[in-house]
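Peer 1: Build me a model from this:
(one chain, ligands or ions: 1)
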Amino acid sequence: MYVAQPILWTDRGVVMLDQRFLPGEEISHTYTNYQDVAKAIREMVIRGAPAIGVAAAMGVAIGVQKSGAKSLSELKAEFPIILDTLAKTRPTAVDLFWALDRMKLRFNEITSRTSDLAQISATMVEEAKAVHSEKRTTDEAIGRFGAELMPREGYVMTQCNAGALATAGIGSALGVIQVAVEQGKKLHVYVPETRPYLQGARLTAWELHRSNIPLTLITDNMVGHFLKSGKVGAIVTGADRIAANGDTANKIGTYQIAVLAKENNVPFYIAAPVSTFDLSIPSGDHIPIEERSSDEVTQIKGIRIAPDVPAAHPAFDVTPNRYIAAIFTERGVARAPYAESLHALAVSAASATAK
Ligand code: MRU
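Peer 2: Residues are numbered from 1 along each chain as shown. The predicted structure follows:
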């Protein structure tokens with residue numbers, strides 16, 4: 001199985017594979033300050049909810065490591081600015097804020113015990129590395145739970161890119177498919193191209209192809225046609241934020257796939273870590289939806305495909321919980337009523353992982 005490496009902590013800085021150039025070119029950048037890490041998140045060098053969380057954690061760590069602060073009080077004055085800069089990058093993926101909260105907690109804890117700046121810096125770096133390494137374990141557990149619900153053979157469908165590129169582990173939705181294939185299931189994946197940013201065509205197709213998993217790329221307006229064919233056994237996508245009632249924000253286009261899935265009796269599943277839960281909001285109505293540049297709709301790679309007219313670009317939509325057959329997490333599978341099942345998973349011990 002091929003596992004892409006979208007981000008890495010190194011002695012030189014935070015190294016990111018620039019996903020804007022995939023699949024054509026594999027270009028990496030090394031970032032040595034938190035402002036550049038923030039810019040990389042905002043400009044989609046790295047994307048995908050859990051991977052954005054890893055990048056944010058590393059952004060905080062590099063911010064502390066490279067800080068010019070000469071005392072703990074100076075560092076404490078700078079720290080909220082680092083957090084704020086990273087928080088203002090992308091609004092929808094809650095993993096970003098989860099990672100910032102975790103780094104803040106660690107910072108408060110270590111600075112209550114020591115004022116040694118070198119020790120504080122080393123601790124923050126270790127925490128960011130831990131956030132990263134946990135992604136792999138988490139994804140593998142999600143994969144094991146989800147694989148059980150994949151068909152033994154035949155077609156499945158996904159949306160956007162929820163592979164290793166998007167999680168910095170083995171992938172959430174693609175992790176489920178990878179694990180199912182490793183278990184011997186004979187799956188063939190329909191990959192909607194995911195206009196306007198083309199994460200399906202550029203990234204999911206690239207990852208599946210490298211893993212030798214059979215796929216067929218389709219345009220977004222073919223989804224209904226293929227779901228109606230009766231050949232698709234399951235759909236599995238990732239998530240950017242899951243509200244307390246199970247309503248789920250994911251890449252634009254996910255909602256219409258889920259509705260078409262219900263119409264055609266195809267189970268629609270979400271695969272996401274518990275860090276993607278936002279139990280502070282009662283429903284998907286409260287999820288902030290990122291509005292991106294209309295240029296991404298009217299142009300592809302700088303080539304104009306529409307006249308210079310107004311174009312909308314909500315980057316995410318919200319799928320109401322009634323369309324979701326189950327949510328695969330690293331702690332188990334949640335089913336309706338989600339208000340109860342998500343809460344139970346959130347409070348359950350992290351040790352309750354897949355067998
Ligand atoms: O705009 P993006 O590319 O960051 O959006 C990514 C998605 O919507 C993914 O499906 C989601 O983050 C889940 S990734 C495991």
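Peer 1: nearest spatial neighbour of the residue nearest the centre of the chain, skipping sequence neighbours?
Peer 2: What sits nearest the mean C-alpha location of the chain, by CA atoms, centre = their mean, is A49, with 2.6 Å. Nearest non-adjacent residue to A49, counting by CB to CB, 6 or more residues apart in numbering: A93, 3.8 Å away. Just so you know, the C-beta spots here come from the backbone N, C-alpha and C atoms, and that holds for glycine as well.
Peer 1: Spit out the contact partners of that neighbour.
Peer 2: Applying CB atoms under 8 Å, 6 or more residues apart in numbering to A93 gives the contacts G48, A49, I52, G53, D240, R241, T276.
Peer 1: which pair in those residues spans the largest distance?
Peer 2: Maximum pairwise distance in the contacts of A93, criterion CB to CB, is 13.0 Å, between G48 and R241.
Peer 1: in the stretch 201-350 of the chain, which ranges drop under the pLDDT threshold?
Peer 2: Where the stretch 201-350 of the chain drops to pLDDT under 70, the residues are 349-350.
Peer 1: Name the residue of this structure that lies nearest to the ligand.
Peer 2: Taking CB to the nearest ligand atom, the ligand has its nearest neighbour within the chain at G238, 2.6 Å off.
Peer 1: That residue: how many residues sit nearby?
Peer 2: 32 (other CB atoms under 10 Å).
Peer 1: before we move on, what about I324?
Peer 2: 25.
Peer 1: Over to S283?
Peer 2: Neighbour tally, S283, other CB under 10 Å: 15.
Peer 1: what does the stretch 101-250 of the chain have sitting close to the ligand?
Peer 2: Counting by CB under 6 Å from any ligand atom, the positions of the stretch 101-250 of the chain adjacent to the ligand are C160, A162, A166, T167, S172, Q199, T237, G238, A239, D240, N250.
Peer 1: any idea which of these is the one closest to V125?
Peer 2: Closest to V125, out of all of those and judged by CB to CB, is T167, at 20.8 Å.
Peer 1: Against Q178, how distant is that closest one?
Peer 2: Counting by CB to CB, to the nearest Å, the separation of T167 from Q178 is 12 Å.
Peer 1: cool, E140 as well?
Peer 2: 9 Å.
Peer 1: more neighbours, the two?
Peer 2: Q178 (26 against 18).
Peer 1: hang on, V60 packs against G53?
Peer 2: No - using CB atoms under 8 Å, V60 makes no contact with G53, being 11.0 Å away.
Peer 1: got any residues that touch both of those two?
Peer 2: Residues touching both V60 and G53 by CB under 8 Å, 6+ apart: A99.
Peer 1: so which strand or helix has A40?
Peer 2: helix 34-42 (DSSP states H and E).
Peer 1: which parts of stretch 328-340 are buried?
Peer 2: Buried residues in stretch 328-340, counted by 16 or more other CB atoms under 10 Å: F328, T329, E330, R331, G332, V333, A334, Y338, A339.
Peer 1: What about those residues, which are in helices?
Peer 2: Among the buried residues of stretch 328-340, the members falling in helices are Y338, A339 (criterion: DSSP state H).
Peer 1: how about the buried residues of stretch 328-340 in CSV, adding distance to the ligand?
Peer 2: Formatted as CSV, these follow (distance: CB to the nearest ligand atom, whole Å):
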residue, distance to the ligand
F328, 12
T329, 12
E330, 13
R331, 17
G332, 18
V333, 17
A334, 16
Y338, 18
A339, 22
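Peer 1: Check the burial of H343 by counting its neighbours.
Peer 2: Around H343 there are 14 residues (other CB under 10 Å).
Peer 1: now swap in G68 and tell me
Peer 2: G68, neighbours per other CB under 10 Å, totals 7.
Peer 1: All the strands of the stretch 151-300 of the chain, residue numbers only.
Peer 2: Using DSSP state E, counting those that start in this stretch, the strands assigned to the stretch 151-300 of the chain run over residues 153-157, 186-192, 215-218, 232-237, 241-243, 248-251, 268-271, 277-278, 299-300.
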